[in-house]
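[1] sequence unknown, structure follows:
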(Lines give C-alpha, C1' and ligand atoms only; values in the text may rest on other atoms or scores of the structure.)
Protein backbone atom coordinates (compact mmCIF):
# COMPACT_ATOMS: atom_id res chain seq x y z
CA UNK A 1 0.00 0.00 0.00
CA UNK A 2 1.29 3.42 -0.90
CA UNK A 3 1.32 6.14 1.69
CA UNK A 4 -1.08 9.01 1.27
CA UNK A 5 0.83 12.24 1.78
CA UNK A 6 -1.64 14.87 2.92
CA UNK A 7 -1.47 18.42 1.62
CA UNK A 8 -3.41 20.07 4.41
CA UNK A 9 -1.66 21.73 7.29
CA UNK A 10 -3.20 22.34 10.71
CA UNK A 11 -1.98 24.28 13.71
CA UNK A 12 -3.93 24.07 16.91
CA UNK A 13 -4.24 26.39 19.87
CA UNK A 14 -5.23 24.29 22.87
CA UNK A 15 -8.68 25.14 24.10
CA UNK A 16 -9.06 28.33 22.05
CA UNK A 17 -10.13 29.40 18.59
CA UNK A 18 -7.65 29.25 15.76
CA UNK A 19 -6.60 26.70 13.21
CA UNK A 20 -3.86 26.88 10.69
CA UNK A 21 -4.66 24.91 7.94
CA UNK A 22 -1.58 25.16 5.90
CA UNK A 23 -2.57 24.84 6.04
CA UNK A 24 -3.59 24.57 5.26
CA UNK A 25 -1.60 25.38 3.11
CA UNK A 26 -0.86 23.92 3.47
CA UNK A 27 1.38 24.05 3.48
CA UNK A 28 6.00 24.93 2.72
CA UNK A 29 10.43 25.06 2.50
CA UNK A 30 14.55 24.75 2.22
CA UNK A 31 17.50 24.30 4.21
CA UNK A 32 18.21 26.62 7.11
CA UNK A 33 18.50 25.22 10.56
CA UNK A 34 19.32 28.29 12.58
CA UNK A 35 18.21 31.04 10.27
CA UNK A 36 17.26 31.86 6.71
CA UNK A 37 19.44 31.64 3.66
CA UNK A 38 20.87 34.55 1.72
CA UNK A 39 18.81 35.80 -1.18
CA UNK A 40 19.58 35.90 -4.82
CA UNK A 41 18.63 38.96 -6.89
CA UNK A 42 15.14 39.73 -8.07
CA UNK A 43 12.58 42.36 -8.85
CA UNK A 44 9.12 43.50 -7.80
CA UNK A 45 5.95 43.55 -9.81
CA UNK A 46 3.56 46.48 -9.59
CA UNK A 47 1.08 46.45 -6.73
CA UNK A 48 -2.49 47.58 -6.74
CA UNK A 49 -3.49 50.68 -4.81
CA UNK A 50 -3.22 50.04 -1.10
CA UNK A 51 -1.42 46.73 -1.54
CA UNK A 52 2.06 45.66 -0.72
CA UNK A 53 4.07 45.01 -3.88
CA UNK A 54 4.13 41.28 -4.63
CA UNK A 55 7.57 39.78 -4.20
CA UNK A 56 8.53 38.09 -7.43
CA UNK A 57 11.52 36.52 -9.13
CA UNK A 58 13.92 34.01 -7.60
CA UNK A 59 14.72 36.16 -4.60
CA UNK A 60 12.08 38.71 -3.71
CA UNK A 61 12.72 40.31 -0.33
CA UNK A 62 16.15 40.27 1.20
CA UNK A 63 16.58 37.74 3.96
CA UNK A 64 16.73 38.69 7.60
CA UNK A 65 17.56 36.43 10.54
CA UNK A 66 14.87 34.77 12.58
CA UNK A 67 14.18 36.85 15.73
CA UNK A 68 15.21 35.16 18.96
CA UNK A 69 12.25 34.06 21.03
CA UNK A 70 11.76 33.12 24.67
CA UNK A 71 8.76 30.86 24.23
CA UNK A 72 5.03 31.37 23.77
CA UNK A 73 1.77 29.45 23.87
CA UNK A 74 1.00 29.66 20.15
CA UNK A 75 1.11 26.20 18.53
CA UNK A 76 2.72 27.43 15.31
CA UNK A 77 5.17 29.93 16.80
CA UNK A 78 8.31 27.98 16.02
CA UNK A 79 10.78 30.55 17.40
CA UNK A 80 8.66 31.45 20.43
CA UNK A 81 8.60 35.22 19.92
CA UNK A 82 4.85 35.47 20.45
CA UNK A 83 3.92 35.77 16.76
CA UNK A 84 2.31 33.07 14.67
CA UNK A 85 4.34 31.69 11.72
CA UNK A 86 2.98 30.64 8.33
CA UNK A 87 3.59 27.14 6.92
CA UNK A 88 3.40 26.58 3.17
CA UNK A 89 3.44 23.10 1.65
CA UNK A 90 3.04 24.08 -1.99
CA UNK A 91 5.88 26.12 -3.47
CA UNK A 92 6.40 27.06 -7.09
CA UNK A 93 9.02 25.20 -9.10
CA UNK A 94 11.97 26.78 -10.83
CA UNK A 95 11.37 27.76 -14.45
CA UNK A 96 12.18 24.87 -16.76
CA UNK A 97 11.98 22.30 -13.96
CA UNK A 98 8.32 21.31 -14.18
CA UNK A 99 9.12 17.63 -13.65
CA UNK A 100 11.18 18.20 -10.51
CA UNK A 101 10.11 18.55 -6.90
CA UNK A 102 9.38 21.90 -5.32
CA UNK A 103 11.84 23.34 -2.82
CA UNK A 104 10.20 21.75 0.21
CA UNK A 105 8.18 23.27 3.05
CA UNK A 106 8.26 27.05 3.32
CA UNK A 107 8.15 28.87 6.66
CA UNK A 108 7.41 32.59 6.81
CA UNK A 109 8.02 33.88 10.32
CA UNK A 110 5.78 36.32 12.12
CA UNK A 111 7.28 39.41 13.76
CA UNK A 112 6.21 42.41 15.81
CA UNK A 113 6.71 44.68 12.78
CA UNK A 114 5.36 42.42 10.04
CA UNK A 115 6.44 42.66 6.46
CA UNK A 116 3.78 44.61 4.62
CA UNK A 117 2.07 47.95 4.34
CA UNK A 118 -1.29 48.43 6.00
CA UNK A 119 -4.35 48.56 3.79
CA UNK A 120 -7.33 50.26 5.34
CA UNK A 121 -9.02 53.42 6.54
CA UNK A 122 -7.68 56.19 8.67
CA UNK A 123 -6.49 54.11 11.57
CA UNK A 124 -2.73 54.01 12.13
CA UNK A 125 -1.24 51.05 10.30
CA UNK A 126 2.08 49.33 10.29
CA UNK A 127 3.61 45.94 9.65
CA UNK A 128 1.14 43.58 8.06
CA UNK A 129 -1.65 46.10 8.21
CA UNK A 130 -3.48 45.66 11.52
CA UNK A 131 -5.31 48.89 12.33
CA UNK A 132 -5.08 50.81 15.56
CA UNK A 133 -6.51 54.06 16.86
CA UNK A 134 -9.87 55.75 16.44
CA UNK A 135 -11.54 57.39 13.52
CA UNK A 136 -13.95 56.82 10.72
CA UNK A 137 -13.41 53.89 8.42
CA UNK A 138 -12.79 55.20 4.94
CA UNK A 139 -11.37 52.11 3.30
CA UNK A 140 -12.42 52.27 -0.33
CA UNK A 141 -13.95 48.82 -0.01
CA UNK A 142 -15.37 48.97 3.48
CA UNK A 143 -17.78 51.89 3.35
CA UNK A 144 -17.91 54.76 5.81
CA UNK A 145 -19.03 53.41 9.14
CA UNK A 146 -17.62 55.00 12.28
CA UNK A 147 -15.25 53.14 14.55
CA UNK A 148 -14.87 54.41 18.10
CA UNK A 149 -12.65 51.94 19.95
CA UNK A 150 -8.88 51.76 20.30
CA UNK A 151 -8.70 48.31 18.78
CA UNK A 152 -6.23 45.58 19.57
CA UNK A 153 -3.88 45.96 16.65
CA UNK A 154 -0.15 45.82 17.17
CA UNK A 155 1.27 46.07 13.65
CA UNK A 156 2.37 42.44 13.87
CA UNK A 157 2.37 40.11 10.90
CA UNK A 158 4.31 37.65 8.81
CA UNK A 159 7.46 38.94 7.12
CA UNK A 160 8.54 37.20 3.89
CA UNK A 161 12.09 38.48 4.43
CA UNK A 162 12.28 36.18 7.46
CA UNK A 163 11.80 32.81 5.87
CA UNK A 164 13.16 29.29 5.96
CA UNK A 165 12.99 26.27 3.71
CA UNK A 166 12.58 22.83 5.27
CA UNK A 167 13.50 19.82 3.16
CA UNK A 168 14.29 16.13 3.60
CA UNK A 169 17.99 16.43 2.76
CA UNK A 170 18.58 19.13 5.36
CA UNK A 171 16.02 18.22 8.03
CA UNK A 172 14.72 14.69 7.41
CA UNK A 173 15.44 11.68 9.60
CA UNK A 174 16.82 8.55 7.96
CA UNK A 175 14.78 5.37 8.22
CA UNK A 176 16.67 2.15 7.46
CA UNK A 177 19.48 4.40 6.29
CA UNK A 178 17.31 6.19 3.72
CA UNK A 179 16.28 9.85 3.69
CA UNK A 180 12.64 10.51 2.78
CA UNK A 181 11.65 11.85 -0.62
CA UNK A 182 8.21 13.08 0.41
CA UNK A 183 8.17 15.80 3.07
CA UNK A 184 4.86 17.53 3.82
CA UNK A 185 3.77 19.49 6.88
CA UNK A 186 0.70 17.99 8.57
CA UNK A 187 0.24 19.74 11.91
CA UNK A 188 1.95 22.01 14.42
CA UNK A 189 1.86 22.20 18.21
CA UNK A 190 4.26 22.34 21.14
CA UNK A 191 4.69 18.62 21.71
CA UNK A 192 7.58 18.83 24.18
CA UNK A 193 6.10 21.74 26.18
CA UNK A 194 9.16 23.98 25.89
CA UNK A 195 7.30 27.04 24.57
CA UNK A 196 8.32 26.56 20.92
CA UNK A 197 5.99 25.11 18.30
CA UNK A 198 6.96 21.84 16.64
CA UNK A 199 6.13 20.62 13.12
CA UNK A 200 4.71 17.16 12.35
CA UNK A 201 5.75 16.04 8.87
CA UNK A 202 4.52 13.18 6.65
CA UNK A 203 7.24 11.22 4.85
CA UNK A 204 7.64 8.05 2.80
CA UNK A 205 9.91 5.55 4.61
CA UNK A 206 10.97 2.37 2.81
CA UNK A 207 8.49 -0.49 3.12
CA UNK A 208 8.43 -3.88 1.41
CA UNK A 209 4.70 -4.40 1.86
CA UNK A 210 5.01 -7.14 4.47
CA UNK A 211 3.52 -6.73 7.93
CA UNK A 212 2.98 -3.49 9.79
CA UNK A 213 4.53 -0.51 7.92
CA UNK A 214 6.97 1.85 9.61
CA UNK A 215 5.67 5.10 11.08
CA UNK A 216 5.86 7.72 8.30
CA UNK A 217 5.50 10.74 10.60
CA UNK A 218 8.44 12.81 11.81
CA UNK A 219 8.71 15.68 14.31
CA UNK A 220 10.88 18.74 13.70
CA UNK A 221 11.28 20.68 16.93
CA UNK A 222 11.24 24.44 17.27
CA UNK A 223 13.57 26.59 19.35
CA UNK A 224 14.67 30.21 19.96
CA UNK A 225 15.87 30.50 16.34
CA UNK A 226 12.97 28.56 14.83
CA UNK A 227 12.83 25.07 13.38
CA UNK A 228 16.23 23.44 13.26
CA UNK A 229 18.29 20.28 13.36
CA UNK A 230 17.09 16.91 12.17
CA UNK A 231 13.58 15.62 12.61
CA UNK A 232 12.94 12.48 14.64
CA UNK A 233 10.53 9.68 13.80
CA UNK A 234 7.32 9.75 15.84
CA UNK A 235 7.31 6.77 18.18
CA UNK A 236 3.98 4.95 18.35
CA UNK A 237 4.16 2.10 20.88
CA UNK A 238 3.13 -1.28 19.50
CA UNK A 239 0.18 -1.50 21.86
CA UNK A 240 -1.25 1.72 20.37
CA UNK A 241 -1.13 0.44 16.78
CA UNK A 242 -3.56 -1.77 14.90
CA UNK A 243 -3.53 -3.43 11.48
CA UNK A 244 -1.26 -2.88 8.51
CA UNK A 245 -2.27 0.59 7.36
CA UNK A 246 0.02 3.59 7.51
CA UNK A 247 -0.42 5.78 10.62
CA UNK A 248 -1.72 9.00 9.12
CA UNK A 249 -3.69 12.24 9.55
CA UNK A 250 -2.05 13.44 12.79
CA UNK A 251 -4.14 15.90 14.79
CA UNK A 252 -2.88 17.95 17.74
CA UNK A 253 -5.10 18.73 20.68
CA UNK A 254 -5.49 18.53 24.44
CA UNK A 255 -7.87 15.61 24.26
CA UNK A 256 -7.53 14.57 27.92
CA UNK A 257 -7.72 18.09 29.38
CA UNK A 258 -4.37 18.10 31.20
CA UNK A 259 -3.06 21.19 29.42
CA UNK A 260 -0.47 19.25 27.38
CA UNK A 261 -0.54 18.75 23.62
CA UNK A 262 -1.50 15.22 22.57
CA UNK A 263 -1.55 13.56 19.15
CA UNK A 264 -4.26 11.47 17.53
CA UNK A 265 -3.27 9.37 14.50
CA UNK A 266 -5.27 6.97 12.34
CA UNK A 267 -4.88 3.20 12.70
CA UNK A 268 -6.54 0.50 10.59
CA UNK A 269 -10.28 -0.24 10.52
CA UNK A 270 -11.32 3.21 11.72
CA UNK A 271 -9.39 2.99 14.98
CA UNK A 272 -7.39 5.88 16.47
CA UNK A 273 -3.99 5.83 18.14
CA UNK A 274 -4.10 8.29 21.03
CA UNK A 275 -0.68 9.51 22.17
CA UNK A 276 -0.56 11.54 25.37
CA UNK A 277 1.80 14.48 25.63
CA UNK A 278 4.23 15.84 26.42
CA UNK A 279 6.64 14.11 24.04
CA UNK A 280 10.35 13.56 24.47
CA UNK A 281 12.90 14.95 22.03
CA UNK A 282 13.24 11.39 20.77
CA UNK A 283 9.61 11.50 19.60
CA UNK A 284 8.09 9.32 22.33
CA UNK A 285 4.75 10.18 23.97
CA UNK A 286 4.32 10.28 27.74
CA UNK A 287 1.82 7.45 27.52
CA UNK A 288 -0.31 5.49 25.05
CA UNK A 289 -3.01 2.86 25.29
CA UNK A 290 -4.81 0.48 22.98
CA UNK A 291 -6.32 2.08 19.86
CA UNK A 292 -9.67 3.77 20.29
CA UNK A 293 -12.47 2.28 18.13
CA UNK A 294 -15.20 4.23 16.40
CA UNK A 295 -13.18 6.63 14.25
CA UNK A 296 -12.59 6.76 10.52
CA UNK A 297 -9.82 6.70 7.93
CA UNK A 298 -9.45 10.49 8.02
CA UNK A 299 -9.01 12.63 11.13
CA UNK A 300 -9.25 16.40 11.42
CA UNK A 301 -9.63 19.05 14.10
CA UNK A 302 -12.89 20.92 14.52
CA UNK A 303 -12.31 24.40 13.13
CA UNK A 304 -11.78 27.00 14.34
CA UNK A 305 -12.75 25.81 17.85
CA UNK A 306 -10.97 22.65 18.99
CA UNK A 307 -13.42 22.00 21.83
CA UNK A 308 -16.59 21.57 19.79
CA UNK A 309 -18.93 20.94 22.73
CA UNK A 310 -17.34 23.35 25.19
CA UNK A 311 -16.62 20.82 27.93
CA UNK A 312 -12.91 21.63 28.34
CA UNK A 313 -11.58 18.74 26.24
CA UNK A 314 -10.50 19.09 22.61
CA UNK A 315 -12.37 16.92 20.13
CA UNK A 316 -11.76 15.11 16.83
CA UNK A 317 -13.67 14.99 13.57
CA UNK A 318 -13.47 11.79 11.55
CA UNK A 319 -14.65 11.15 8.00
CA UNK A 320 -14.43 8.65 5.17
CA UNK A 321 -12.33 10.91 2.96
CA UNK A 322 -10.23 14.05 3.23
CA UNK A 323 -11.97 17.33 2.55
CA UNK A 324 -10.69 20.20 0.45
CA UNK A 325 -9.68 23.03 2.82
CA UNK A 326 -12.20 25.85 2.79
CA UNK A 327 -15.02 23.79 1.31
CA UNK A 328 -18.14 22.63 3.11
CA UNK A 329 -17.99 19.06 4.39
CA UNK A 330 -19.50 16.74 6.96
CA UNK A 331 -17.97 14.36 9.42
CA UNK A 332 -18.63 12.97 12.88
CA UNK A 333 -17.26 13.89 16.28
CA UNK A 334 -15.16 11.88 18.70
CA UNK A 335 -15.41 13.83 21.93
CA UNK A 336 -12.44 14.28 24.21
CA UNK A 337 -12.44 13.34 27.87
CA UNK A 338 -10.13 12.23 30.69
CA UNK A 339 -9.33 9.06 28.73
CA UNK A 340 -8.92 10.83 25.39
CA UNK A 341 -11.19 11.13 22.35
CA UNK A 342 -13.43 8.11 22.78
CA UNK A 343 -17.07 9.23 22.96
CA UNK A 344 -19.29 9.61 19.91
CA UNK A 345 -20.55 13.17 19.56
CA UNK A 346 -22.84 13.14 16.55
CA UNK A 347 -22.40 14.74 13.15
CA UNK A 348 -20.24 17.78 12.50
CA UNK A 349 -20.19 20.16 9.54
CA UNK A 350 -17.48 22.39 8.19
CA UNK A 351 -18.86 25.48 6.51
CA UNK A 352 -17.45 26.81 3.28
CA UNK A 353 -15.08 29.76 3.47
CA UNK A 354 -16.04 32.67 1.25
CA UNK A 355 -12.87 33.90 -0.42
CA UNK A 356 -12.24 37.56 -1.24
CA UNK A 357 -11.60 38.62 -4.84
CA UNK A 358 -8.27 37.21 -5.97
CA UNK A 359 -5.37 39.64 -6.24
CA UNK A 360 -3.85 40.47 -9.62
CA UNK A 361 -3.61 37.27 -11.60
CA UNK A 362 -0.20 35.61 -11.32
CA UNK A 363 1.43 35.18 -14.66
CA UNK A 364 0.76 38.75 -15.71
CA UNK A 365 3.62 40.40 -13.84
CA UNK A 366 7.19 40.98 -14.85
CA UNK A 367 9.24 37.81 -15.12
CA UNK A 368 6.27 35.49 -14.72
CA UNK A 369 6.03 32.21 -16.58
CA UNK A 370 2.80 30.66 -15.37
CA UNK A 371 0.56 28.79 -17.81
CA UNK A 372 -2.94 27.44 -17.54
CA UNK A 373 -5.98 28.37 -15.51
CA UNK A 374 -5.66 30.68 -12.52
CA UNK A 375 -6.93 29.05 -9.31
CA UNK A 376 -7.28 30.51 -5.81
CA UNK A 377 -7.08 28.12 -2.84
CA UNK A 378 -7.87 28.70 0.81
CA UNK A 379 -4.83 28.00 2.97
CA UNK A 380 -5.51 28.99 6.57
CA UNK A 381 -7.52 31.24 8.87
CA UNK A 382 -5.57 32.37 11.94
CA UNK A 383 -4.58 35.54 13.76
CA UNK A 384 -1.33 36.64 12.14
CA UNK A 385 -1.70 40.36 12.91
CA UNK A 386 -2.23 40.17 16.67
CA UNK A 387 -5.66 41.84 16.75
CA UNK A 388 -7.42 38.80 18.27
CA UNK A 389 -9.30 38.13 15.02
CA UNK A 390 -8.49 35.45 12.45
CA UNK A 391 -6.90 36.59 9.22
CA UNK A 392 -7.31 34.76 5.92
CA UNK A 393 -4.46 33.42 3.77
CA UNK A 394 -4.98 32.32 0.17
CA UNK A 395 -2.77 31.06 -2.65
CA UNK A 396 -3.56 32.07 -6.20
CA UNK A 397 -1.55 30.01 -8.67
CA UNK A 398 -1.25 29.50 -12.37
CA UNK A 399 0.48 26.28 -13.24
CA UNK A 400 3.44 25.22 -11.10
CA UNK A 401 5.77 28.13 -11.79
CA UNK A 402 3.74 31.18 -10.70
CA UNK A 403 1.76 31.94 -7.56
CA UNK A 404 0.78 34.66 -5.12
CA UNK A 405 0.19 34.26 -1.38
CA UNK A 406 -2.20 36.88 -0.01
CA UNK A 407 -2.96 37.78 3.62
CA UNK A 408 -6.33 39.40 4.24
CA UNK A 409 -7.50 40.96 7.47
CA UNK A 410 -10.90 40.39 9.02
CA UNK A 411 -13.03 43.10 10.53
CA UNK A 412 -15.88 42.70 12.97
CA UNK A 413 -16.45 40.36 15.88
CA UNK A 414 -14.01 37.53 16.53
CA UNK A 415 -16.84 35.53 18.08
CA UNK A 416 -18.53 35.23 14.72
CA UNK A 417 -15.64 33.10 13.51
CA UNK A 418 -16.82 30.33 15.83
CA UNK A 419 -19.64 29.64 13.41
CA UNK A 420 -17.25 28.42 10.71
CA UNK A 421 -17.75 24.85 11.90
CA UNK A 422 -20.37 23.47 14.22
CA UNK A 423 -21.65 20.33 15.84
CA UNK A 424 -25.11 19.67 14.46
CA UNK A 425 -26.31 19.25 18.04
CA UNK A 426 -26.17 23.04 18.27
CA UNK A 427 -24.02 23.43 21.38
CA UNK A 428 -22.37 26.55 19.92
CA UNK A 429 -24.62 29.18 18.40
CA UNK A 430 -22.65 32.39 18.19
CA UNK A 431 -22.82 35.19 15.65
CA UNK A 432 -25.58 37.71 16.25
CA UNK A 433 -26.22 40.57 13.87
CA UNK A 434 -23.70 43.36 14.17
CA UNK A 435 -23.85 47.10 13.91
CA UNK A 436 -22.01 49.72 11.97
CA UNK A 437 -19.07 51.23 13.81
CA UNK A 438 -18.62 48.58 16.48
CA UNK A 439 -16.19 49.71 19.17
CA UNK A 440 -12.72 48.35 18.62
CA UNK A 441 -13.01 47.45 14.95
CA UNK A 442 -11.14 50.66 14.07
CA UNK A 443 -11.63 52.14 10.73
CA UNK A 444 -12.59 49.19 8.59
CA UNK A 445 -16.28 48.85 9.43
CA UNK A 446 -18.97 50.50 7.38
CA UNK A 447 -20.95 47.33 6.88
CA UNK A 448 -24.41 46.84 8.35
CA UNK A 449 -26.01 43.69 9.64
CA UNK A 450 -22.86 41.57 9.82
CA UNK A 451 -20.28 40.92 12.50
CA UNK A 452 -17.45 39.80 10.26
CA UNK A 453 -16.00 40.41 6.82
CA UNK A 454 -12.78 40.12 4.86
CA UNK A 455 -10.92 43.16 3.59
CA UNK A 456 -11.10 43.17 -0.19
CA UNK A 457 -7.50 44.25 -0.59
CA UNK A 458 -4.78 42.01 0.80
CA UNK A 459 -2.62 43.37 3.58
CA UNK A 460 0.38 41.53 2.16
CA UNK A 461 1.20 39.56 -0.97
CA UNK A 462 4.26 37.58 -2.03
CA UNK A 463 5.20 34.69 -4.28
CA UNK A 464 6.68 31.43 -3.02
CA UNK A 465 9.36 31.92 -5.66
CA UNK A 466 11.23 33.65 -2.83
CA UNK A 467 12.08 30.15 -1.58
CA UNK A 468 13.96 29.28 -4.77
CA UNK A 469 17.73 29.49 -4.51
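    Cool, the structure landed. Since we're looking at a predicted model, the values are computed, not measured.
[2] So the closest residue to residue 327 other than its chain neighbours versus residue 378, what's the distance?
    Nearest non-adjacent residue to residue 327, counting by Cβ to Cβ, 6 or more residues apart in numbering: residue 352, 5.6 Å away. For glycine as for every other residue, the C-beta is placed from the backbone atoms N, C-alpha and C. Counting by Cβ to Cβ, to the nearest Å, the gap from residue 352 to residue 378 is 9 Å.
[3] And these two? Which one has more around it.
    A count of neighbours by other Cβ atoms under 10 Å puts residue 378 above the other of residue 352 and residue 378, at 22 against 12.
[4] The more buried one and residue 186, how far apart?
    In terms of Cβ to Cβ, residue 378 sits 17 Å off from residue 186.
[5] next one: residue 94
    Residue 94 sits 25 Å away from residue 186, going by Cβ to Cβ.
[6] The two: which is more packed in?
    More neighbours surround residue 186 than the other of residue 94 and residue 186, with 29 against 16 (other Cβ under 10 Å).
[7] doesn't that one fall inside a strand?
    Yes. Counting by DSSP: H, G, I helix; E, B strand; the rest coil, one finds residue 186 located in a strand.
[8] Hmm, residue 217 and it touching each other?
    Yes. With contact defined as Cβ atoms under 8 Å, residue 186 counts as touching residue 217 (7.1 Å).
[9] Which residue comes closest to residue 200 once chain neighbours are left out?
    residue 187 (4.5 Å).
[10] what's the answer for residue 299, then?
    Per Cβ to Cβ, 6+ apart, closest to residue 299 is residue 249, 4.2 Å.
[11] Same question for residue 284.
    That would be residue 235: by Cβ to Cβ, 6+ apart, it lies 4.3 Å from residue 284.
[12] Quick check: the gap between that neighbour and residue 70.
    29 Å.
[13] More neighbours: these two, which one.
    Between residue 235 and residue 70, counted using other Cβ under 10 Å, the more crowded position is residue 235 (17 against 11).
[14] And the pLDDT at the residue nearest to residue 299?
    Predicted confidence (pLDDT) for residue 249: 97.
[15] got a list of what it touches?
    6, 186, 265-266, 297-300, 322 (Cβ atoms under 8 Å, 6 or more residues apart in numbering).
[16] Tabulate the residues you listed (JSON lines), appending pLDDT, distance to residue 165 and secondary structure.
    As requested, these are exported to JSON lines (pLDDT from 0 to 100; distance: Cβ to Cβ, whole Å; DSSP: H, G, I helix; E, B strand; the rest coil):
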{"residue": "6", "pLDDT": "39", "distance to residue 165": "20", "secondary structure": "coil"}
{"residue": "186", "pLDDT": "97", "distance to residue 165": "17", "secondary structure": "strand"}
{"residue": "265", "pLDDT": "98", "distance to residue 165": "26", "secondary structure": "strand"}
{"residue": "266", "pLDDT": "97", "distance to residue 165": "28", "secondary structure": "strand"}
{"residue": "297", "pLDDT": "96", "distance to residue 165": "31", "secondary structure": "coil"}
{"residue": "298", "pLDDT": "97", "distance to residue 165": "28", "secondary structure": "strand"}
{"residue": "299", "pLDDT": "98", "distance to residue 165": "28", "secondary structure": "strand"}
{"residue": "300", "pLDDT": "97", "distance to residue 165": "27", "secondary structure": "strand"}
{"residue": "322", "pLDDT": "94", "distance to residue 165": "25", "secondary structure": "coil"}
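[17] end-to-end on stretch 204-218?
    Counting by Cα to Cα, to the nearest Å, you get 10 Å between the two ends of stretch 204-218.
[18] What residues of it count as buried?
    Neighbour counts using 16 or more other Cβ atoms under 10 Å place 204-205, 207, 213-218 of stretch 204-218 among the buried residues.
[19] Next: stretch 266-285.
    266-267, 270-279, 283, 285.
[20] Could you do stretch 319-327 as well?
    319, 322-323, 325-326.
[21] Of all the residues in the helix or strand where residue 250 lies, which ones are buried?
    Residue 250 belongs to strand 248-253 when assigned by DSSP states H and E. For strand 248-253, burial by neighbour count (16+ other Cβ under 10 Å) applies to 248-253.
[22] again, but for stretch 99-117
    So for stretch 99-117, counting by 16+ other Cβ under 10 Å, buried means 102-117.
[23] What is the nearest of the buried residues of stretch 204-218 to residue 336?
    Proximity of these to residue 336 (Cβ to Cβ) peaks at residue 217, which lies at 20.7 Å.
[24] Just to check, that closest one is in contact with residue 252?
    No. Counting by Cβ under 8 Å, residue 217 sits too far from residue 252 to count as a contact (11.9 Å).
[25] which neighbours do these two share?
    residue 200.
[26] Then residue 380 would be within a helix, right?
    No. Counting by three-state DSSP, residue 380 is located in no helix; its state is strand.
[27] Quick check: bridge partners of it?
    residue 393 (DSSP bridges).
[28] For it, the count of nearby residues, please.
    There are 34 residues near residue 380, going by other Cβ under 10 Å.
[29] Sketch out the low-pLDDT regions of the stretch 1-150 of the chain for me.
    For the stretch 1-150 of the chain, the stretches flagged by pLDDT under 70 are 1-61, 116-150.
[30] 50 instead, please
    1-8, 13-59, 117-150 (pLDDT under 50).
[31] Please apply the same query to the stretch 301-450 of the chain.
    Along the stretch 301-450 of the chain, segments meeting pLDDT under 50 span 365-368, 413-419, 425-450.
[32] Make a markdown table out of the buried residues of stretch 266-285 and add distance to residue 334 and secondary structure.
    Conversion of the buried residues of stretch 266-285 to a markdown table gives the following (distance: Cβ to Cβ, whole Å; DSSP: H, G, I helix; E, B strand; the rest coil):
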| residue | distance to residue 334 | secondary structure |
| --- | --- | --- |
| 266 | 12 | strand |
| 267 | 13 | coil |
| 270 | 10 | helix |
| 271 | 11 | coil |
| 272 | 7 | strand |
| 273 | 13 | strand |
| 274 | 10 | strand |
| 275 | 15 | strand |
| 276 | 16 | strand |
| 277 | 18 | coil |
| 278 | 22 | coil |
| 279 | 21 | coil |
| 283 | 24 | coil |
| 285 | 18 | coil |
